[in-house]
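Colleague: Below is the sequence, then the predicted model.
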Amino acid sequence: MDIKKKFGKQVKKLRLEKGLSQEALAYEANLDRTYIPSIEKGERNVSITVMEQIANALKVKISVLLDE
């Protein structure tokens, strides 16, 4: 599995654990609501800045987003 898919899978897992919808996560991360689904599907090559925004929104360290 490539890194984009692994990252997306982890974002989805953490989002669901936190009880957030994709739209709520996007709002908390200050991202467009259409961006989260494509991240979760592994279609986006996200920047380190976006990783930080998602990590902050999920209240986790960036390293947690890279765990399998």
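Modeller: Received the coordinates, thanks.

Colleague: so where does the nearest residue to residue 43 once chain neighbours are set aside fall, helix or strand?
Modeller: Of all residues not flanking residue 43 in the chain, residue 4 sits nearest, at 7.3 Å (Cβ to Cβ, 6 or more residues apart in numbering). (Glycine included, C-beta is placed from N, CA and C.) Residue 4 belongs to helix 3-17 when assigned by DSSP states H and E.

Colleague: Which secondary structure elements does the very next helix or strand once past that helix sit against?
Modeller: Sequence-wise, the next helix or strand downstream of helix 3-17 (DSSP H and E) is helix 22-29. On a contact count with 3 or more Cβ pairs under 8 Å, 6 or more residues apart in numbering; DSSP states H and E, helix 22-29 meets helix 3-17, helix 35-40, helix 48-58.

Colleague: now the angle from helix 22-29 to helix 3-17?
Modeller: 100 degrees (axes from the mean of the first three to the mean of the last three Cα atoms, to 10 degrees).

Colleague: Quick check: buried residues in helix 22-29?
Modeller: 22, 25-26, 28-29 (16 or more other Cβ atoms under 10 Å).

Colleague: what sits against residue 34?
Modeller: Contacts for residue 34 (Cβ atoms under 8 Å, 6 or more residues apart in numbering) come out as residue 26.

Colleague: ok, it to residue 44 distance?
Modeller: Distance of residue 34 to residue 44, given as Cβ to Cβ, to the nearest Å: 11 Å.
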